[in-house]
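Engineer: only geometry, no sequence info:
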């Protein structure tokens with residue numbers, strides 16, 4: 001009988017700890033939701049323009065004018081990105097192979 005009582009007390013304590021953790025996570029989610037709402041409201045005040053959507057499937061005429069119509073390779077690398085450092089020689093080699101600079 002004592003074993004059942006000890007198990008029940010431990011199970012109750014575990015459930016209470018988990019309940020407190022779930023409530024803490026829910027509180028943090030509400031805080032983040034309010035931050036995102038404020039951010040969305042400020043973005044909406046700026047017009048909600050998405051410049052990346054304007055470029056999808058289009059050519060950039062200024063780039064074509066400056067390059068004379070020859071192919072170019074564009075790469076975006078981060079200083080702290082290990083994968084970028086590893087793939088940089090491959091990028092340079094593929095750019096040289098296509099004749100792009």
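Structural biologist: Arrived safely, thanks for sending. None of the values given here were measured: they were computed from a predicted structure.
Engineer: for the chain, what's the longest helix?
Structural biologist: The helix that spans the most residues within the chain, counting by DSSP state H, is helix 2-45.
Engineer: got the domain boundaries for this structure?
Structural biologist: Following the TED database, the chain resolves into domains at 1-50, 59-100.
Engineer: lowest-confidence stretch among these?
Structural biologist: Ranked by mean pLDDT, the domains of the chain end with domain 59-100 at the bottom, a mean of 73.
Engineer: quick one: residue 25 from residue 86, how far?
Structural biologist: Note on residue 25: its distance to residue 86, by C-beta to C-beta, to the nearest Å, is 37 Å. Quick note: C-beta positions are derived from backbone N, CA and C, even for glycine.
Engineer: meant to ask about residue 38
Structural biologist: From residue 38 to residue 86 the distance is 39 Å (C-beta to C-beta).
Engineer: residue 36 now?
Structural biologist: Using C-beta to C-beta, we find residue 36 at a distance of 35 Å from residue 86.
Engineer: check residue 24 too.
Structural biologist: Separation of residue 24 from residue 86 (C-beta to C-beta) stands at 40 Å.
Engineer: which SSE is residue 77 in?
Structural biologist: Using DSSP states H and E, residue 77 sits in no helix or strand.
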